[in-house]
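Participant: Give me a 3D structure for the following:
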Amino acid sequence: MPAGSTAQAGGGPRAACGCACNGSGDGRVSIHPTAIVAAGAVIPESCTVGPYCTVGPDVVMGEDCELISHVVLDGRLTVGARNKFYSFACVGVAPQDLKYNGEPTGAVLGEDNVIRECVTISRGTAGGAVVRRALAAVA
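Facilitator: Numbers count the residues shown, from 1 in each chain. You can find the predicted model right below:
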């Protein structure tokens, strides 16, 4: 794949190491063999999906993102560039609001964020914001 292109989940051969780097050794399109990436997910070549991560079908990731391990990205989620997700982070999951009835909602995460262990960022709700935006803070 040319630089800057994206990999659709479930496509392409796996290298001897078990990841989707095609044996190039450059670390690009690194999807650990224990990760579950749904068909339809858009993951740029520059991203890394670590062990036991789950990426849903409506997730669109930006360049140079890293999912360390046991990360869940789900729902209608757009992730900006250069985000780093640590173990057990859940982003784009259904809201915990009791008024949520399964209506289509989404989340947008900006660029250059660090999402640490056990953080949950839910999608918006129809009663609040249908799309929840969590943008990088300005330092």
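
Participant: Skip the chain neighbours and tell me the closest residue to the residue at the greatest distance from the centre of the chain.
Facilitator: Largest separation from the mean C-alpha position in the chain: K99, at 26.0 Å (CA atoms, centre = their mean). Leaving aside its sequence neighbours, K99 sits nearest to G127 (CB to CB, 6 or more residues apart in numbering; 5.2 Å). For glycine as for every other residue, the C-beta is placed from the backbone atoms N, C-alpha and C.

Participant: if I read this right, the one you found contacts P95, doesn't it?
Facilitator: No: the pair G127 / P95 is not scored as a contact, 9.3 Å apart, by CB atoms under 8 Å.

Participant: Neighbour count for the two, which is higher?
Facilitator: Using other CB atoms under 10 Å, the more surrounded residue of G127 and P95 is P95, with 19 against 12.

Participant: contacting residues around the more buried one?
Facilitator: By CB atoms under 8 Å, 6 or more residues apart in numbering, the contact list for P95 reads 105, 122-125.

Participant: Secondary structure class of it, three-state.
Facilitator: Following DSSP: H, G, I helix; E, B strand; the rest coil, the label given to P95 is coil.

Participant: Quick check: nearest residue in space to it, chain neighbours excluded?
Facilitator: Counting by CB to CB, 6+ apart, P95 lies nearest to S122, which is 4.4 Å off, once chain neighbours are set aside.

Participant: worst-scoring helix or strand of the chain, pLDDT-wise?
Facilitator: Lowest on mean pLDDT, DSSP states H and E among the helices and strands of the chain sits strand 6-8, with a mean of 49.

Participant: Can you name the element that comes right after that one?
Facilitator: strand 30-31 (DSSP states H and E).

Participant: Given that following strand, what are its sheet partners and their directions?
Facilitator: strand 48-49 (parallel) (DSSP bridges).

Participant: List of residues touching the strand it pairs with?
Facilitator: With contact meaning CB under 8 Å, 6+ apart, strand 48-49 is reached by 27, 30-32, 35, 37, 43, 55, 65-67.

Participant: Repeat the analysis, applying 6 Å as the threshold.
Facilitator: Contact with strand 48-49 is made by 30-31, 35, 66-67, as judged by CB atoms under 6 Å, 6 or more residues apart in numbering.
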